[in-house]
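> sequence first, then the predicted structure, then my questions.
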Amino acid sequence: MSQTTENTLATPVGITLERYIMRKQSEFAFATGELSQLLRDIALAGKIVNRDVNRAGLSRITGAMGEKNVQGEHQQKLDVEANIRFVRALTNGGEACAVLSEEDEEIIQTGNVNGKYVVAIDPLDGSSNIDVNVSIGTIFSIYRRVSRIGGPARKEDFLQGGRAQIAAGYVLYGSSTMLVYTTGHGVAGFTYENSLGEFFLSHPDIRIPRQGPVFSCNEGNWFDYPEFVRAFLTTCKERRLTARYVGSLVADYHRNLFTGGIYLYPPTAAQPGGKLRLLYECYPLAYLIEQAGGVAVTGADLVLDVPPTADLHQRAPLFVGSADLVEELRCKATN
């Protein structure tokens, strides 16, 4: 056997997502296995969507459907595809009694009336970028249901507020596919190994730097931004921070999580209440960033403290990232 082969075989493959979940199950608030299965179901759907994204051009599933979703946004073919994949995986897994998706106006009842959890999800955020081969992602949030077990899920299961989340995370489909999630005990990242069909632990304890060199926003909307946002961005430029904006929420968020920085999606004159959805975009990313040592606000208020309304697709502004940068913006918002 050659020295090269020996060295290769001596290198450990790593810890799979499955093994990691089993080791960490005792940290879950309700360690009976159901939440572990939910995370496996999300990972499975993520693998399938990863395959679909990689084959999109050849499979002719890029481009728009010619229809609009409940948000009034043009649906992409991959939006519909990803929505089907995740709802099907969560239904077949048996642990989720209902799913709230960006692509559906009403709650999706899975038929698992004895399921103890509900999942709020944006199946494919930034999907319009798939046609130009830009990274996109999935965002998810998990709650333990409060409605009667044995019956259908109700609105109140999803309207518990951001602090009630028991798990949240995202899947990034990019140069490599990553699953990043938290169950309230820090943040772990897993990278997908295509040849083995497994997610492997690659980033065991993700912490965002308190400061960062990057600010991420669409400066094309500069004249529609509130004065406190323009003042903050001016300060960023004076300090020679770097502008980096992909236009896919998960991609911009992921970069800043690792390098440090701030992502801004402010309110505008046209959308004074913000554009991003509170339940399945803002809440889960805020929950995860706090676990990583960062901060998420809507301006003056912490995102996780914003009370949900009766609107399942409620919108909110979002400023998220390194603690020092976000707190500086928050101070400008309150002055």
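On my side now, so go ahead. Numbers count the residues shown, from 1 in each chain.
> quick one, what contacts A296?
282, 285-286, 289-290, 302-304, 318-321, 326 (C-beta atoms under 8 Å, 6 or more residues apart in numbering). (C-beta placed from N, C-alpha, C; glycine too.)
> the nearest residue to I21 once chain neighbours are set aside: neighbour count?
Spatially, and ignoring its direct neighbours in sequence, I21 is nearest to S36 (4.8 Å; C-beta to C-beta, 6 or more residues apart in numbering). Neighbour count of S36, defined by other C-beta atoms under 10 Å: 18.
> swap in Y192?
Residues near Y192, counting by other C-beta under 10 Å, number 22.
> repeat that for L329.
Neighbour tally, L329, other C-beta under 10 Å: 27.
> so which strand or helix has the residue nearest to I21?
helix 34-54 (DSSP states H and E).
> would you mark the buried spots in that helix?
For helix 34-54, burial by neighbour count (16 or more other C-beta atoms under 10 Å) applies to 34-53.
> where exactly do the strands run in the stretch 151-300 of the chain?
In the stretch 151-300 of the chain, the segments counted as strands under DSSP state E, counting those that start in this stretch are 167-173, 177-182, 187-193, 198-203, 214-216, 242-243, 261-265, 276-277, 295-297.
> before we move on, back to that, nearest to A82 among the contacts of A296?
A82 lies nearest to L285 out of the contacts of A296, by C-beta to C-beta, at 17.8 Å.
> and the closest one, what does it touch?
Contacts for L285 (C-beta under 8 Å, 6+ apart) come out as 139, 168, 170, 249, 253, 296, 318, 320.
> count of neighbours near V113?
Neighbours of V113 (other C-beta under 10 Å): 14.
> R23: which of the strands of the stretch 151-300 of the chain is closest?
For these, the distance to R23 is smallest for strand 198-203, at 10.0 Å, taking C-beta to C-beta.
> one step back: let me have the strands of the stretch 151-300 of the chain in JSON lines, adding distance to L233 and mean pLDDT as columns.
Shown next, in JSON lines, are the strands of the stretch 151-300 of the chain (distance: least, C-beta to C-beta, whole Å; pLDDT from 0 to 100):
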{"stretch": "strand 167-173", "distance to L233": "25", "mean pLDDT": "97"}
{"stretch": "strand 177-182", "distance to L233": "27", "mean pLDDT": "97"}
{"stretch": "strand 187-193", "distance to L233": "27", "mean pLDDT": "97"}
{"stretch": "strand 198-203", "distance to L233": "30", "mean pLDDT": "97"}
{"stretch": "strand 214-216", "distance to L233": "7", "mean pLDDT": "98"}
{"stretch": "strand 242-243", "distance to L233": "9", "mean pLDDT": "97"}
{"stretch": "strand 261-265", "distance to L233": "8", "mean pLDDT": "98"}
{"stretch": "strand 276-277", "distance to L233": "18", "mean pLDDT": "98"}
{"stretch": "strand 295-297", "distance to L233": "15", "mean pLDDT": "98"}
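> mind checking which of these is nearest E156?
Nearest of those to E156, taken as C-beta to C-beta: strand 276-277 at 17.9 Å.
> helices or strands next to that closest one in the packing?
Applying 3 or more C-beta pairs under 8 Å, 6 or more residues apart in numbering; DSSP states H and E, one finds that strand 276-277 contacts strand 315-316.
> pull up the pairing partners for the strand it packs on, direction included.
When pairing is defined by DSSP bridges, strand 315-316 lines up against strand 276-277 (antiparallel).
> do you have the helices of the stretch 151-300 of the chain handy? List them.
With DSSP state H, counting those that start in this stretch as the criterion, the stretch 151-300 of the chain has helices at 155-158, 227-238, 249-259, 283-291.
> from those, which stretch is densest packed?
Highest mean neighbour count among the helices of the stretch 151-300 of the chain (mean count of other C-beta atoms under 10 Å): helix 283-291, with a mean of 26.
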